[in-house]
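Enquirer: Pasting a predicted model and its sequence here:
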Amino acid sequence: MEWTPEQFKNDAKKAGLNVDKIIEHLEKTSDLEFLHFETIPVRRYRIPIVDAGAGLPAWDESGEFVILDLPELRGKRESELFAVRVVGDSMSPSYLEGEVVVIWTQGRPESGKVVAVHQHGDGIILKRLRYTGQEPMLYSDNPAYPPVPLGEHDRIFGVVLGSWRPAR
């Protein structure tokens, strides 16, 4: 549908805007700077998904992928990203079952950040990293789950950048 000047005037008046002032300004200036629009290029990222507790991330073409454009992803390479589908309630209320959490493999695993860890025998898990003295500990956001030490054979794969919660 094409938006005619008459429709613009009618819609603007319904919205309580002073159409005459807008038209007067547009006639005086050749730009729309007063609207303060900022254009941000869209970059879609194709990110492989693994289920929490499902083993190592699989970067193969037969696996499941999500395509996202989140501000937190800008400047990252696809090869540095993977996603974890949350299974269970150990990270609730921060992350809910079924939510897709994007992990940046080049992120710095600092205390207080949520990290993706390959836990020996349990696959990928999401936990909050904290230190008790020099000892790294993995905490659930749900207080029903006790903290566990980062094991000798456990590996931090990266830090959480953002998440996508599918509609239910």
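Expert: Noted; the coordinates are in hand.
Enquirer: need the contact list for the closest residue to residue 157 other than its chain neighbours.
Expert: For residue 157, ignoring the flanking residues on the chain, the nearest one in space by Cβ to Cβ, 6 or more residues apart in numbering is residue 116 at 4.5 Å. Just so you know, the C-beta spots here come from the backbone N, C-alpha and C atoms, and that holds for glycine as well. When contacts are counted by Cβ atoms under 8 Å, 6 or more residues apart in numbering, residue 116 touches 82, 84, 101, 103, 124, 125, 126, 156, 157, 158, 159, 160.
Enquirer: burial measure for the third one, as a count.
Expert: Pointing back at residue 101 there. When counting by other Cβ atoms under 10 Å, one arrives at 23 neighbours for residue 101.
Enquirer: That one against residue 158, yeah?
Expert: No: with contact defined as Cβ atoms under 8 Å, residue 101 does not reach residue 158; the gap is 10.5 Å.
Enquirer: Can you show me the strands along the chain?
Expert: Under the criterion DSSP state E, strands of the chain are mapped to 45-51, 65-68, 81-85, 100-104, 114-119, 123-132, 135-139, 148-149, 155-164.
Enquirer: Give me the sheet partners of the first one and which way each runs.
Expert: Translated: strand 45-51. For strand 45-51, the pairing partners within the sheet under DSSP bridges are strand 65-68 (antiparallel), strand 81-85 (parallel).
Enquirer: ok and the last one relative to strand 123-132, angle-wise?
Expert: So that's strand 81-85. Strand 81-85 runs at 100 degrees relative to strand 123-132, counting by axes from the mean of the first three to the mean of the last three Cα atoms, to 10 degrees.
Enquirer: contacts for strand 81-85?
Expert: 45, 47-52, 57, 59, 66, 73, 98-105, 116, 124, 126, 157-158, 161.
Enquirer: same thing but 7 Å
Expert: Strand 81-85 is contacted by residues 45, 47-52, 57, 66, 73, 98, 100-104, 116, 124, 126 when judged by Cβ atoms under 7 Å, 6 or more residues apart in numbering.
Enquirer: Can you say which of the strands paired with strand 45-51 is packed in most?
Expert: Most buried of the strands paired with strand 45-51, by mean neighbour count (mean count of other Cβ atoms under 10 Å): strand 81-85, with a mean of 23.
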